[in-house]
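S.K.: Next input, structure requested:
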Amino acid sequence: MSNAPLPTAILPIVDADWLANLPSATRQTLQPDAVARLLHELAIPMVQLRAKGDAESARPFLETWLKALRHQAPDTRIILNDRLAWVAPLQADGVHVGQGDTPAATCRRELGRHRIIGLSTHTLAEIRQAEALGVDYIGFGPIFPTTTKRDTHAVQGVDTLTRMVEATALPLVAIGGITLENLAEVAATGAQGAALISALWQTDWERRLRIAVETWRR
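M.R.: From the prediction side, this is the model:
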């Protein structure tokens, strides 16, 4: 397991598919350097980059965002979603995988102990398996209905989230359908973090990021 602790915070996910479907005027304001500078200003400790497309389009997207984050937000750790083979070459800080992606044990074997590994879970049994695998944190959800993923599992709700937080010593990041309106409810469960996509990346993304950080810190 990585020696670096994971601070309690929101976890922005920069998703290539979501950004590609935004209006062009919004995409023009969502420049990697501008986003990275605000992440640095707000002291957001970790960000996940997700590009599920083919390698020809995914790698340039990841490289562009990694470069901006390294230059503008040097203290922010960068996690790649299910791109194990690219973590070391792109000098990312770790990888996040789902139950159907590259096994977490393989990720640990390939990346060693100094990089971060996150694993999505949906049940207590999967959490127990994650504990045995020695991952650094787990994602749990979906907490609410979500439109950013097609292969979703049953909605868990905040009551189940609270029980899962209490059931494990692993840092737990809530995932799925989390908005600015329900973020405080998620934070109240004691979860280590909350992953956000559509709640952040809109026309007024700067305001949304600031609100999310302030809501979580309160």
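
S.K.: The helix of greatest length in the chain packs against which elements?
M.R.: Scanning the chain for the helix with the most residues, using DSSP state H, yields helix 55-72. With contacts defined as 3 or more Cβ pairs under 8 Å, 6 or more residues apart in numbering; DSSP states H and E, helix 55-72 has these neighbours: helix 16-20, helix 32-41, strand 46-50, strand 77-81. C-beta here means a position set from N, CA and C on the backbone, and glycine is covered the same way.

S.K.: Swap in 7 Å and give it another go.
M.R.: Packing partners of helix 55-72 (3 or more Cβ pairs under 7 Å, 6 or more residues apart in numbering; DSSP states H and E): helix 32-41, strand 46-50, strand 77-81.

S.K.: what does that helix contact?
M.R.: Residues outside helix 55-72 that contact it (Cβ atoms under 7 Å, 6 or more residues apart in numbering): 14, 16, 32-33, 36-37, 40, 47, 49, 51, 76, 78, 80, 83, 86, 90, 92.

S.K.: what do you get for stretch 135-155?
M.R.: Stretch 135-155 is contacted from outside by 1-2, 6, 15, 18, 96, 104, 116-122, 127, 130, 156-158, 161, 164, 170-178, 182, 186, 192, 195, 197-198, using Cβ under 7 Å, 6+ apart.

S.K.: tally of neighbours for G112?
M.R.: The tally of other residues near G112 (other Cβ atoms under 10 Å) stands at 9.

S.K.: right, I mislabeled it, should have said G98
M.R.: 17.

S.K.: is it true that it touches S120?
M.R.: Yes - G98 lies in contact with S120 (Cβ atoms under 7 Å); the separation is 4.4 Å.

S.K.: where does the residue of the chain most remote from its centre sit relative to Q202, distance-wise?
M.R.: Most distant from the centre of the chain: A25, at 25.0 Å, with distances by Cα atoms, centre = their mean. If you measure A25 against Q202 using Cβ to Cβ, to the nearest Å, the figure is 11 Å.

S.K.: In terms of helix, strand or coil, where does I143 fall?
M.R.: coil (DSSP: H, G, I helix; E, B strand; the rest coil).

S.K.: Now it, what are its backbone angles?
M.R.: Backbone torsions of I143, given as degrees, to the nearest 10, read phi -80, psi -40.

S.K.: re the thing from before, buried ones from the contacts of stretch 135-155, can you make that a PyMOL selection?
M.R.: The command below creates a PyMOL selection of those among the contacts of stretch 135-155 that count as buried (16 or more other Cβ atoms under 10 Å):
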select buried, resi 2+6+15+18+96+104+116+117+118+119+120+121+122+127+130+156+158+161+164+170+171+172+173+174+175+176+177+178+182+186+192+195+197+198
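
S.K.: List the ones among the contacts of stretch 135-155 that fall in strands.
M.R.: D15, H96, I116, I117, G118, L119, S120, T121, L172, V173, A174, A195 (DSSP state E).

S.K.: Max pairwise distance over the residues you listed: which two?
M.R.: Farthest apart among these by Cβ to Cβ are D15 and L172. That separation is 20.8 Å.

S.K.: hmm, back to that, which of the contacts of helix 55-72 are buried?
M.R.: Among those, those buried by neighbour count (16+ other Cβ under 10 Å) are 14, 16, 32, 36-37, 40, 47, 49, 51, 76, 78, 80, 83, 86, 90, 92.
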